[in-house]
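Q: Next input, structure requested:
(4 chains)
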Amino acid sequence: MLHIVNKSPYEKTSLASCLAHARKGGAVLLIEDAVYAATRGSVAEAALRRAMQDVAVYALGPDLEARGIKGKVMDGVTVVDFGGFVDLVAEHRTNQSWL
Amino acid sequence: MKFGLLINEGPYNHQAADTAYKFARAALAKGHEIRRVFFYNDGVNNATRLTEPPQDDRHIVNRWSKLAEEGGIDLVVCVAAGLRRGLVEDNLAPGFRISGLGQLVEAGIEADRLVVFGD
Amino acid sequence: MTDTRDEIDAEEGAGVVKKFMFVNRKAPYGTIYALESLEVVLISAAFDQDVSLAFLDDGVYQLVKGQDTKAIEVKNFSPTYRALEGYDVEKLYVERESLAARGLTEDDLLVPVQVVSAAEMAELMEAQDVVIGF
Amino acid sequence: MSIEVGGRTLETDEEGYLVNLSDWSEEVANEIAKAENVAMTENHWEVVNFLREYYNEYQIAPAVRVLTKAIGKKLGPEKGNSKYLYELFPYGPAKQACKIAGLPKPTGCV
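A: A predicted model of the protein is given here:
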């Protein structure tokens, strides 16, 4: 299952809740303000690092660029463009937006 | 593959409508079909033809109208959510139509993937 | 009540049965999401799909007993959750961890529900065809 | 728009639904029914009263499917079908019975 998160981890608990429900083999895509969670050296990094043992983590490149943090993405996060976003949705039988 | 999109936020206030639009364009570019875009909650405000943003910014409403015209995409505005917010036939932008919530459920049934964009 | 458009749609969509889950993670009244989510659920019932509702995080507040909105002059839609059974929407899952974190128990809720763990909730989500969260 | 009932003028929307639900009374119901060309009988009142009770309990007007099922349970299977309801309210229970019962206009349909 693909989980889509769009909230900064410092504003809402959406990412934490998503990670608590993402099952082994699933994927998490960070878009909009959620891309801040992928920042190297941030408080959110540890939680994401733990999640990566079970799920693949992606971040939307255009949102990283817009926010000036493209160069600060932590290792292990795969950056995708909108085409990659479409592919992720297509590849997973189901998806869920954690609004 | 057939996609259905649900948009729950208005234009400009939240990025959801922009993300959904970029997603729709990317899906079409990859040869997928957009079965329907359903506008619900404040998302109905994507459909008001009275929208006039400054010229140096994207025109979210016209962009949807153009997508509908070019791609024959079915843009459906929820009647109940629209009535609550003053969005009716009179101020509906080209390419949109107003219909019931059943159109959202139907899109969920008929599309291979339904993706929700909101706040 | 809908005796035109939506029921015609429902008949046309006959045949396919998908598993729909509506995920409620937001509290009522502060925003409209809970109410408009419930409105979709009521319509979806006409399509003979396999519908379930998940309540987790602040969504569990939607089901708390004793809501009285008179003083804020907002429509109290909490009684409508009790109508769901008549719509054949009978799968209401509430996450145990979310209740506990908010100092709530099953006795605080206004409808019969199935309380499940976060792990069970994750499994339920995974088993769906369409997941709509507001 | 408005209707006159017992010397009072009550506001309605363009389709004839009451604007203020608290204006409703049996007299008002009869007046709305007259405008709809529905001659109220015991059978009509059964449905109208049922709708009011349902609304008071759940804060929504039931879908027709749900209404017929619930009516069948309460008033007997010969009444729990849409044919019976449409005979009483030719333009449909949602459009006419809800209006006469003083419920909000159903928004789900166009």
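Q: which SS class is residue 46?
A: You didn't say which chain, so I picked chain A. Using DSSP: H, G, I helix; E, B strand; the rest coil, the three-state assignment for A:Ala46 comes out as helix.
Q: Tell me the helix or strand right after the top helix by length along chain C.
A: Longest among the helix segments of chain C by residue count, using DSSP state H, is helix C:33-44. The helix or strand immediately downstream of helix C:33-44 is strand C:50-55, counting by DSSP states H and E.
Q: From the chain's centroid, how far away is that following strand?
A: Between the mean C-alpha point of strand C:50-55 and the mean C-alpha point of its chain there is a distance of 6 Å (CA atoms, centre = their mean, to the nearest Å).
Q: buried residues in that strand?
A: The neighbour-count check on strand C:50-55 (16 or more other CB atoms under 10 Å in any protein chain shown) flags C:Val51, C:Ser52, C:Leu53, C:Ala54, C:Phe55 as buried. For glycine as for every other residue, the C-beta is placed from the backbone atoms N, C-alpha and C.
Q: Repeat that for stretch A:24-43.
A: Of the residues in stretch A:24-43, those scored as buried under the neighbour-count criterion (16+ other CB under 10 Å) are A:26-39, A:42.
Q: so how far is it from its chain's centroid?
A: 3 Å.
Q: can you give me the end-to-end distance of it?
A: Between the opening and closing residues of stretch A:24-43 we find a distance of 23 Å, counting by CA to CA, to the nearest Å.
Q: Is it positioned near chain B?
A: Yes. When contact is scored as CB under 8 Å from any CB of the partner chain, part of stretch A:24-43 falls within range of chain B: A:Ile31, A:Glu32, A:Asp33.
Q: got the contact list for residue 99?
A: No chain in the question, so chain A it is. Contacts for A:Leu99 (CB atoms under 8 Å, 6 or more residues apart in numbering or on different chains) come out as A:Asn6, A:Lys7, A:Ser14, B:Asn8, B:Val116, B:Gly118, B:Asp119, C:Arg25, C:Lys26, C:Tyr33, C:Gly133, C:Phe134.
Q: actually it's chain D I care about, not the one you picked
A: Taking CB under 8 Å, 6+ apart, we find D:Lys99 in contact with D:Glu15, D:Gly16, D:Tyr17, D:Leu18, D:Ile32, D:Glu36, D:Lys105.
Q: Among these, which ones are in helices?
A: Residues of the contacts of D:Lys99 located in helices (DSSP H): D:Ile32.
Q: Return the member of the contacts of D:Lys99 nearest to chain C.
A: Closest to chain C out of those is D:Lys105 (9.5 Å), distances taken as CB to the nearest CB.
Q: I figured that closest one hits D:Tyr17, correct?
A: Yes. Here D:Lys105 lies in contact with D:Tyr17, judged by CB atoms under 8 Å, at a distance of 4.5 Å.
Q: Can you pull the residues that touch both of these two?
A: The contact sets of D:Lys105 and D:Tyr17 overlap at D:Cys98, D:Lys99 (CB under 8 Å, 6+ apart).
Q: A:Asp75: neighbouring residues, count only.
A: A count of nearby residues for A:Asp75, using other CB atoms under 10 Å in any protein chain shown, gives 8.
Q: dump the residue contacts of the residue nearest to it when sequence neighbours are not counted.
A: Using CB to CB, 6 or more residues apart in numbering or on different chains and skipping the chain neighbours, the partner closest in space to A:Asp75 is A:Arg40 (7.7 Å). Under the criterion of CB under 8 Å, 6+ apart, the neighbours of A:Arg40 are A:Lys72, A:Val73, A:Met74, A:Asp75.
Q: can you state the direction angle for the longest helix of chain C and strand C:50-55?
A: Taking axes from the mean of the first three to the mean of the last three CA atoms, to 10 degrees, one finds that helix C:33-44 is oriented at 170 degrees with respect to strand C:50-55.
Q: Just put the buried residues of strand C:50-55 in a markdown table and tack on pLDDT.
A: Written out in a markdown table, the entries for those read as follows (pLDDT from 0 to 100):
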| residue | pLDDT |
| --- | --- |
| C:Val51 | 98 |
| C:Ser52 | 98 |
| C:Leu53 | 98 |
| C:Ala54 | 98 |
| C:Phe55 | 98 |
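Q: mind checking how far the spatially most central residue of chain C is from D:Leu85?
A: To find the centre residue of chain C, average its C-alpha atoms and take the closest one (CA atoms, centre = their mean): that gives C:Leu53, at 4.1 Å. In this structure, C:Leu53 lies at 29 Å from D:Leu85, with CB to CB, to the nearest Å as the measure.
Q: What is the burial count for A:Asp63?
A: Taking other CB under 10 Å as the criterion, the count of residues near A:Asp63 is 25.
Q: which residues are contacting the strand or helix carrying it?
A: Element membership of A:Asp63, judged by DSSP H and E, is helix A:61-66. Residues external to helix A:61-66 that are found in contact with it (CB under 8 Å, 6+ apart): A:30-32, A:35, A:38, A:70, A:73, A:79-82, A:84, B:22.
Q: quick one, strands of the chain?
A: You didn't pick a chain, so chain A it is. Using DSSP state E, the strands found in chain A span residues A:2-5, A:27-30, A:56-60, A:78-80, A:95-98.
Q: Switch to chain D, please.
A: For chain D, the strands defined by DSSP E occupy D:2-5, D:8-11.
Q: Show me the contact partners of the last one.
A: So that's strand D:8-11. Residues from elsewhere that reach strand D:8-11 (CB under 8 Å, 6+ apart): D:Met1, D:Ser2, D:Ile3, D:Glu4, D:Leu18, D:Val19, D:Asn20, D:Asp23, D:Val28.
Q: That strand pairs with which strands, parallel or anti?
A: Within its sheet, strand D:8-11 is paired with strand D:2-5 (antiparallel), according to DSSP bridges.
Q: what comes up buried for the strand it pairs with?
A: Of the residues in strand D:2-5, D:Ile3, D:Val5 count as buried by neighbour count, 16+ other CB under 10 Å.
Q: Check stretch B:85-96 too.
A: Along stretch B:85-96, these residues count as buried under the neighbour rule (16+ other CB under 10 Å): B:Arg85, B:Leu87, B:Leu92, B:Ala93, B:Gly95, B:Phe96.
Q: Surely the first one touches B:Ala47?
A: No. Under the criterion of CB under 8 Å, B:Arg85 makes no contact with B:Ala47, lying 10.2 Å away.
Q: what about the lowest-mean-pLDDT helix or strand in chain A, distance to the chain center?
A: When the helices and strands of chain A are scored by mean pLDDT, DSSP states H and E, helix A:44-51 comes last with a mean of 94. With CA atoms, centre = their mean as the basis, the distance from the averaged C-alpha position of helix A:44-51 to the chain average is 11 Å.
Q: between that helix and strand A:56-60, how big is the angle?
A: For the pair helix A:44-51 and strand A:56-60, the angle between their directions (the same axes, to 10 degrees) equals 140 degrees.
Q: Show me what helix A:44-51 is packed against.
A: Helices and strands in packing contact with helix A:44-51 are listed as helix A:14-21; criterion 3 or more CB pairs under 8 Å, 6 or more residues apart in numbering or on different chains; DSSP states H and E.
Q: contacting residues around the helix it packs on?
A: Contact with helix A:14-21 is made by A:3, A:5-7, A:9, A:28, A:30, A:34, A:37, A:44, A:47-48, A:50-51, A:55, A:98-99, C:25, C:56-57, C:118, C:121-122, C:125, as judged by CB under 8 Å, 6+ apart.
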